[in-house]
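Trainee: need a structure here:
(chains A, B and C)
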Amino acid sequence: MTEQIQNGTLTVTDDDFVLAVSEDLETDRNYASQGFWKGVFLRFKNNTRAMIGLYIILLIMLLSIFGPMFSGYGYREIVSVRVDGTDVVAKSLSPQIAGLHKSTGADDVFADKTFLFGTDTLGRDLWTRVWYGARISVMIAFVTIITDMVIGMSYGLISGYFGKTTDAIMQRIVEISNSIPRLVIVGVLATFMPKGVWLVIVALLTTEWIGMSKIARAEMLRIKGLEYIMASRTLGAKNFRIIFSDVLPNTIGPVITQVMFSIPIAIFTEAFLSFVGVGIVLPQCSIGSLIEDGFNNITTLPYQILPPIIVLALLMLAFNFVGDGLREALAPRIEDM
Amino acid sequence: MPDKILEIKDLDITFKTTAGPVHAIRGVNVDLERGETVAIVGESGSGKSVVMKTAMGILAGNATINGGEIIFRYTDDDGNAQEVDILKKEKRWIRQNVNGRRIAMIFQDPMTSLDPTMTIGNQLIEGMIMHLNLPKDEAKQRALELLKEVGISDPEKRYKQYPHQLSGGMRQRVVIAIAISCYPDLLICDEPTTALDVTIQARILELIKTIQKEHGISVIYITHDLGVVAKVADYVNVMYAGRIVEVGNVEEIFYDPKHPYTWGLLSAMPDLNTNDDRLYTIPGSPPNLLHEVVGDAFAPRNQYALKADWKEQPPMFRVSDTHYAATWLLDERAPRIEIPEELKNRIERMKADHEVGNGSRL
Amino acid sequence: MALVTLLIITFLLFLMVRIMPGNPFPSERMSADAIAKKRAEMGLNDPIFVQFGNYMKNVLLKGSFGKGSSLYNGAPISTVLPQCMANSFKIGGISILLGTLIGLILGIAAALNRGRFWDTFCTVLSIVGVCVPSYVFMIFLQYFLAYKVTIFPFYFDASRFLSSSVIPALSLSLFSMSTVARFTRNEMVEVMDFDYVLLAESKGMYGTKLVTRHILRNALIPIVTVIAPLVVDLLTGALVVEKIYGINGLGKLLVDAISGEGIDYNYVLALGIIYSALYILIMLILDIAYGLLDPRIRLAGKKES
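Mentor: The predicted model follows:
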């Protein structure tokens, strides 16, 4: 009745024609196991760019913590050598390494010293200052953005959860604060605040929370309608509990991604404010003030500006890579077939 | 001599994805005679849409065609019979000579298949101006007639509207009007009713059928809905994990299925008459084609799997001239395994219903 | 609506500048009496709403923003502003046009040649654009093109507007160019896989017609939304670029007003209002562009009115 129409080199033998039903027929092997966060972690780990970004961030952080120690100079220490009873200051030296440096003659009194990035016009070691500055910049960024995250998330969650009038009022406020360009806020702040770290921090605090609150609110609006929230409400859960234990965990992914994109903005803003002269005040230093120093001497000592610019660029790059990686890991694009 | 309008032979396609290569189509053969209707049935992810997108030359950029042929036969503008392998033609040629002009396609979701920034009218006349070289006002006249033909009232008004101003059923009618605007020989319907309300589904199917009859078009249905198949198809291809596992005419597939997967599909069809409390489902889920399949891809979900199924891909066994199935159960050496009792009863009922003449065509 | 927002913002700015602690008079040498007299003269003792009312009356009716205190020897702000605005708008306008146009072209080229040269170029550009702030790029350009090789002037020179606006416009447009390029590329790639593009292709559309009619138009809709934040970044960038390049523009004015010895309150206020107005105006324009591109929004708007 039936016959084979296709005859290849078949490996099946007569013995193979017995029932051999899979033992765990009912188990779905394709979609089993692998939790959400484990998947995110794996996808992130497989993303070369994101991992490069992560390594760069870690490297810069390590250097900014331990870098200044290696040099043996303080960030505000003016390096000098006593020659014939007078101090000779190591002003504006090019990068040099003690062992490899070729002495230019008897008056090269710093031949035995190492300045990896050279020294600035006052005779301070730039290596120390760059990493010290990076430390300040990154710290400002982290502190403000984490604070912004807390403010923004609470704001967005509350606004989204209560809805109606509360939401309407809170969103009007967001809309208005969103329509004031950041530099106007900086300008106004500068009229009554002293220049310095705090001006930078407050300027960042007043602007960066908005993005986070939008994410949190959108997520809240999305989740609010889902069944498990209704279920937990029917079961008598209080507002507070619903916001913080049911919705919050779901917003963490996108908010952390936003943090990764906000940190470079914060670093950039700090650099820019310090460059303009309303940020970090001397003798403190940050990436921005170092770039300004370098810029002031660019025609005579062009190498001075490179280290802080490279560190700034690497930081921006790395955080953006990590942010992109996180976003992709959290919401993998389904390849269409 | 049978006149095959479309012949897909040993099509084999791999997709590059971030997770690795996915071997989505693993040697597919489909034939379509002129004027007939063929259905390709399978679960989502079985690759049924991919096959048809390949025939249209609109495959995603990450796909690689490893082998096979898609032979399309048509009469060119000078009246000569032509035979081309679509896979060997370049995109531009396909667009100018095949797409819309000779093979048209209807997509699954009318909500997403019309360009939201363009009026219905402009989307309709676009193809006619290009393929039929009609001047704009003539194209518009024909567009209005087409809209009327697909059952849209007040075509003048609709012509100027944007897709978002129309309901889902109406949009699908527009998509159909676009598809038939250039007198194609072959119409590919990719789940044309899945996204629509049940009440509208039947009317859209009826519309496609009428058009098919009037214009003498061959139709390929891609669907997972056996109910649709029963209503429209002459021949059925059952597809699983990138392969055709059973092919036959509609009666053979519904009344005398041979492949355990087809049994599963038929058993899983919702049916008012079943006394069972539970709806039958096929256990498990389709295999992940990231991993190369050894043996029969269905074996892990098969209640009647043989040892051979785990070792070697079964060849197509011939059941009749039109009916073939790829399962080792059809080998002479296989133990005799009968169709599950429940399904047998169901088939009996379907046959009886059919004789009485109620319900679907079967 | 936009006007109301602007009014609220203006009031907020006014409030902050006027009532926050701080000394509005640049000179520390004035006696307490003199200060009190000056305050009364300037109407600083009136209730805040009266002050605001007077201020708005001056701004709206006379176009006067008051006088500067430390900048330009206290000349009326309204005499300084026009020249600065002209400079800023010209350079800002050139850079945003340059950035969006070149960005669009690059993005389209990248999307149509996925995985090939233009795609890689676009990726590299977007990485550079993201990690190099405009003023840093500016410093490089200035160093190499105006100092090492003197093709362009080292500082802005109004009499040689064209050649001296190349460096600032180019550096300001880098960021918007790279962002628009990356966004256009990603949007287009996404739109290309949408059903309606597949339908257009299966109708037989190809080449330029397919790209301009179906893909680009739909991809442009979300691109419009990124242009707004880009404008803000441009304003910020212009601040430093104008300062570095010595351009008499709004940005330099603001920097001078806040970073000098005494802070010039009236300038801060005036500039704050101008910047906010500008920003809201741009948002409005983008909203309209959005409606033009997307019939869903255009038609929804019509029904309301």
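
Trainee: do you know how far the closest residue to chain B within the stretch 51-200 of chain A is from C:Gly115?
Mentor: Among all residues of the stretch 51-200 of chain A, A:Met51 sits closest to chain B, at 14.5 Å; criterion: C-beta to the nearest C-beta. C-beta: built from backbone N, CA, C; applies to glycine. For A:Met51, the distance to C:Gly115 equals 22 Å [C-beta to C-beta, to the nearest Å].

Trainee: any weak-confidence spans in the stretch 1-150 of chain C?
Mentor: Regions of the stretch 1-150 of chain C meeting the criterion pLDDT under 70 cover residues C:19-32, C:34-46, C:63-75.

Trainee: re the thing from before, compare A:Met51 and C:Gly115 (neighbour count), which wins?
Mentor: A:Met51 (15 against 10; other C-beta atoms under 10 Å in any protein chain shown).

Trainee: In contact with the more buried one, which residues?
Mentor: A:44-45, A:325 (C-beta atoms under 8 Å, 6 or more residues apart in numbering or on different chains).

Trainee: Wait, a strand at B:Leu11?
Mentor: Yes - note on B:Leu11: a strand contains this position according to DSSP: H, G, I helix; E, B strand; the rest coil.

Trainee: Wait, it touches B:Ile71, no?
Mentor: No - in this structure B:Leu11 lies outside contact range of B:Ile71 using C-beta atoms under 8 Å: 11.2 Å.

Trainee: The two: who's more crowded?
Mentor: Legend: neighbour count by other C-beta under 10 Å for B:Leu11 and B:Ile71, higher for B:Leu11 (24 against 16).

Trainee: The more buried one and chain A, how far apart?
Mentor: Computed as C-beta to the nearest C-beta, to the nearest Å, the B:Leu11 to chain A distance reads 14 Å.

Trainee: ok, now B:Glu206?
Mentor: 30 Å.

Trainee: In a strand, that residue, correct?
Mentor: No - using three-state DSSP, the secondary structure at B:Glu206 is helix, not a strand.

Trainee: Can you give me the distance of it to C:Leu145?
Mentor: With C-beta to C-beta as the criterion, B:Glu206 and C:Leu145 are 71 Å apart.

Trainee: The two: who's more crowded?
Mentor: C:Leu145 (17 against 13).

Trainee: Surely that one forms part of a strand?
Mentor: No - if the criterion is three-state DSSP, then C:Leu145 is helix and not within a strand.

Trainee: Return the residues in contact with B:Ala177.
Mentor: B:124, B:143, B:146-147, B:149-150, B:152.

Trainee: Repeat that for A:Ile60.
Mentor: A:134, A:138, A:311, A:314-315, A:318.

Trainee: Show me which of the residues you listed are buried.
Mentor: A:134, A:138, A:311, A:314-315, A:318 (16 or more other C-beta atoms under 10 Å in any protein chain shown).

Trainee: now what about the host helix or strand of C:Ala257, what contacts it?
Mentor: Per DSSP states H and E: C:Ala257 is located in helix C:250-259. The contact list for helix C:250-259 (C-beta under 8 Å, 6+ apart) reads A:183, A:186-187, A:190-191, A:195, A:276-278, C:71, C:80, C:84-85, C:88, C:235, C:238-243, C:246, C:263-264, C:267-268, C:271, C:274-275.

Trainee: and that helix, how far from the chain's centre?
Mentor: Relative to its chain's centre, helix C:250-259 lies at 15 Å (C-alpha atoms, centre = their mean, to the nearest Å).

Trainee: Neighbours of the residue nearest to A:Phe117 when sequence neighbours are not counted, how many?
Mentor: Nearest residue to A:Phe117 in three dimensions, chain neighbours excluded: A:Leu126, at 3.8 Å (C-beta to C-beta, 6 or more residues apart in numbering or on different chains). Per other C-beta under 10 Å, the neighbour tally for A:Leu126 reads 28.
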